[in-house]
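S.K.: output the structure for:
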Amino acid sequence: MAGLSDTQIVIPVALAGRGYGVTIEPGLLDRIATCAASFLASYGAERRVPFVADSNTHREFGQTVEQGLATAGLTIDWFVVEPGEGAKSWGILERLTDWLLDLGVTRSDHVFALGGGVVGDLTGFACAVTKRGCGFVQIPTTLLAQVDSSVGGKTAINTGAGKNLIGAFHQPAAVLIDPLVLDTLPNREMRAGYAEVLKYGLLGDAEFFAWLESNGSKVLAREPAALTHAIATSIRAKARIVAEDERETSGVRALLNLGHTFGHALEAETGFSNTLLHGEAVAMGMVLAARYSALRGDLPLADAQLVAQAVSASGVPTNITELGLKCDGARLVDHMRHDKKMEGGTLPFLLLKSIGAAYLARDVDLSDVAAFLDGELQVDAKISA
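M.R.: Here you go, the predicted structure:
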């Protein structure tokens with residue numbers, strides 16, 4: 001693995017009485033017994049530490065974590081799921097909660113989620129409902145999870161009605177990030193995670209977006225300084241928003257959904273499969289949000305083109321025609337109607353006024369969105385990058 005600076009960065013997520021820290025430290029996984037000591041205190045020779053992982057992460061990092069905990073005289077009990085959104089299901093949730101109860105997990109214990117967003121969402125929700133709430137620690141191993149899903153306490157599973165419709169707000173006790181684990185991340189997953197990094201620039205930090213225009217290739221290449229800066233800047237942005245609006249009641253936290261309404265519809269149409277990864281869907285969703293904002297006259301066309309160029313430069317497609325969808329705009333809008341943000345028959349949309357200035361539009365006509373998407377499905381040359 002490439003080496004990073006030995007500097008440890010701790011970013012606080014300031015919540016009233018329940019704040020926690022996000023630790024970014026290269027090599028953290030090798031020193032897990034020390035870094036997570038306070039969350040391991042309830043375990044000992046007689047009790048194994050519960051870890052949830054997908055099979056890829058378990059294969060890649062399981063031995064490292066086991067050896068790290070062995071230095072403290074601890075052993076691990078593993079709950080391993082298959083990779084992908086299919087793990088976020090009622091059936092897997094039932095198996096996981098039964099497993100936690102069989103282990104005798106108490107409300108003062110901590111369960112460890114080692115993996116990407118799927119593992120974190122599943123583990124967090126299981127911990128939210130087991131004994132009405134037990135502790136958990138996030139150890140995210142993908143860029144997307146490190147900069148987004150591991151921070152903020154949103155946990156959920158998927159159902160036939162849609163993505164993340166069954167869940168709870170349940171904050172982790174800590175988030176432990178080792179940037180070195182990204183050296184093993186497939187390039188496609190890295191590009192997908194980078195979409196969430198771009199999102200922070202688009203929604204509220206034009207200076208960061210400009211920095212990414214110049215340094216995004218270094219982040220994707222996992223160059224140490226650029227990667228650490230991108231992760232830390234993204235987490236600080238999310239921590240500020242979560243602290244201001246933890247449960248998405250004031251509209252501030254809704255800004256984090258930029259690209260997600262369009263993106264979730266694309267995910268649903270592709271069956272939440274590897275055809276379109278979540279981060280890829282968000283990236284395409286941000287391009288669509290920018291183009292739709294331009295069509296409404298909210299965003300200069302030049303800015304919409306910059307968004308598309310930034311996404312394209314990361315290696316993610318910007319035109320939904322590339323997905324080969326066999327549907328029209330109305331079908332994609334039907335997927336949106338199942339969005340958990342629907343309010344009284346109206347779906348708020350995250351749109352852009354400029355690079356770095358997102359806003360929540362509550363006046364969007366879904367038939368207008370369907371017509372816009374019909375144009376996108378035919379590749380509207382006027383607003384293509």
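
S.K.: just the helices in the stretch 201-350 of the chain please.
M.R.: Secondary structure of the stretch 201-350 of the chain, counting by DSSP state H, counting those that start in this stretch: helices at 206-220, 224-244, 260-269, 278-296, 301-313, 329-336.

S.K.: what lies in contact with the first one?
M.R.: Residues from elsewhere that reach helix 206-220, judged by CB atoms under 8 Å, 6 or more residues apart in numbering: 187, 190-191, 194, 197-198, 200-202, 225-227, 229-230, 233, 237, 306, 310, 313-315, 354-357. Any C-beta I mention is one placed from the backbone N, CA and C, and that applies to glycine too.

S.K.: quick one: neighbours of Asp178, just the number.
M.R.: 25 (other CB atoms under 10 Å).

S.K.: chain neighbours aside, what residue packs nearest to it?
M.R.: Leu28 (3.9 Å; CB to CB, 6 or more residues apart in numbering).

S.K.: quick one: that neighbour and Val65, what's the gap?
M.R.: 11 Å (CB to CB, to the nearest Å).

S.K.: more neighbours, the two?
M.R.: Val65 (24 against 21).

S.K.: for this protein, what spans make up the strands?
M.R.: Along the chain, the stretches classed as strands by DSSP state E are 9-13, 20-24, 49-54, 76-81, 110-115, 135-140, 154-159, 162-169, 174-177, 349-354, 357-361.

S.K.: could you pull up the residues touching Val111?
M.R.: Going by CB under 8 Å, 6+ apart, Val111 touches Pro50, Phe51, Val52, Leu100, Val105, Thr123, Ala126, Cys127, Cys134, Gly135, Phe136, Val137.

S.K.: which of the helices and strands in this structure ranks last by mean pLDDT?
M.R.: Lowest mean confidence among the helices and strands of the chain (mean pLDDT, DSSP states H and E): strand 162-169, at a mean of 91.

S.K.: spatially central residue in the protein, please.
M.R.: Against the mean C-alpha coordinate of the chain, by CA atoms, centre = their mean, the closest residue is Ser149 at 3.3 Å.

S.K.: give the closest residue to it in space, chain neighbours not counted.
M.R.: Ser149 sits nearest to Gly117 (CB to CB, 6+ apart), 3.8 Å away.

S.K.: for Leu103, same thing?
M.R.: Leaving aside its chain neighbours, Leu103 sits nearest to Pro50 (5.7 Å; criterion: CB to CB, 6+ apart).

S.K.: I'd assumed Phe79 was in contact with that neighbour.
M.R.: Yes: in this structure Pro50 lies within contact range of Phe79 using CB atoms under 8 Å: 6.9 Å.

S.K.: neighbour count for the two, which is higher?
M.R.: Using other CB under 10 Å, the more surrounded residue of Pro50 and Phe79 is Pro50, with 25 against 21.

S.K.: mind listing what that one touches?
M.R.: By CB under 8 Å, 6+ apart, Pro50 lies in contact with Ile76, Asp77, Phe79, Trp99, Leu100, Leu103, Val105, Asp109, Val111, Phe112.

S.K.: go again using 6 Å as the cut-off
M.R.: Pro50 is in contact with Asp77, Leu103, Val111, counting by CB atoms under 6 Å, 6 or more residues apart in numbering.
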